[in-house]
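**Q** give me the fold of what follows.
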Amino acid sequence: MSGISGRRLERGRLERGRPELGRLERCFDDARTRGSGVLVGYVPLFSADRSLVLAAVEAYLEGGVDVIQVGTPAPYPFLDGRTMARCHLGAFGAGLGAEDAFKTCGVIRDRFPDVPLVPMVFYSAAIALGIRSLVELALSAGVDALDTPDYPGAALGPDHDYRRLVEEAGLGLITVMDTALPLQPQKRDLVRSVLEFGSGFIFLLLTQGGLTGPNHRLNVDTLPAAAGQMALHLEEMGKRLPVIAVCGIDSAEKASLVTRSRHIDGVLVGSALAGRVLDGRPWREIRGFCRGLKEALRR
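**A** Presented below is the predicted three-dimensional model:
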């Protein structure tokens, strides 16, 4: 497997040599220079056969996707949208888990060395595998950041093992914010805490409860104010943290609508892409769908 040679965690510290977190930074810088938003494409573990995942990633990238997110099976698939639940249940049926996701990331890194790679892995998997073991898997796979949506980092504080080891490893730690939260003055400290421990970028949830899939009402009315409030906090904190809108974006029209807010740096598209792959749609159609999304992100 590829990855970042010579790096492993020993005696509570990382032997030096950082993952190329610069891949994410360059991605956002390049998009900003081109006057475009960043397009994150989600690919789940469809089955034990990695060829479908690799073919999907290749089609995404050829269509203009900037960042690849590899999904691990959710511990509670019924809480997600219908398409994602199909993916999670299929992966569970094939006996796949977080270790398989990192192995897949390693294969993707071999084939696409310059693409930012951000696996979504649940904190429950870190507990099951052991936090140190999970971080070492991430390093060996050559990923750039970890998206851990159920990690209560704001509550556990800066010295918690997961956050500390991820930071020592030089990996980004992706955080999640609901659009309603920044608009509640009484939640100011919580908002700033979430912004403080995040790195790489932050996901801003567009649907109530963060439910994925089509046909959900997007919180576009409150989006500019929420993103603007987050930008004010970040400016006061002296921190740069790009904002990626997520959940419910299933068309170029919605992608364009969401990124009209100047504080939104891009979008993640998940169910709309994964569903097309699951349904066996032609790769040329999937590439075309990605191109339409990317074009819609031009400022």
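**Q** just checking, Val176 touches Thr148?
**A** No. Contact criterion CB atoms under 8 Å: Val176 and Thr148 do not qualify, at 9.1 Å. C-beta here means a position set from N, CA and C on the backbone, and glycine is covered the same way.
**Q** ok, the host helix or strand of Ala245: who's next to it in the sheet?
**A** Using DSSP states H and E, Ala245 maps to strand 243-246. Partner strands and pairing direction for strand 243-246 (DSSP bridges) are strand 202-205 (parallel), strand 266-269 (parallel).
**Q** nearest to Gly292, of those strands?
**A** With respect to Gly292, and counting by CB to CB, the nearest of the strands paired with strand 243-246 is strand 266-269 at 10.6 Å.
**Q** what stretches of the stretch 101-250 of the chain score poorly on pLDDT?
**A** Scanning the stretch 101-250 of the chain for pLDDT under 70 picks out 207-219.
**Q** spell out, range by range, the strands that occur in it.
**A** Per DSSP state E, counting those that start in this stretch, the stretch 101-250 of the chain has strands spanning 145-147, 172-178, 202-205, 243-246. These are given in chain order.
**Q** coming back round to it: which residues are in contact with the strand holding Ala245?
**A** Defining contact as CB atoms under 8 Å, 6 or more residues apart in numbering, one finds that strand 243-246 is touched by 38, 40, 201-206, 210, 223, 227, 230-231, 258-259, 263-268, 270.
**Q** next up, the contacts around Arg276.
**A** Counted by CB under 8 Å, 6+ apart, Arg276 has contacts 285-286, 289.
**Q** work out for me the element it sits within.
**A** Judged by DSSP H and E, Arg276 forms part of helix 271-278.
**Q** so which of Val176 and Thr148 has more stuff around it?
**A** Thr148 (24 against 20; other CB atoms under 10 Å).
**Q** if anything else comes up later, I'll come back, but that's it for now.
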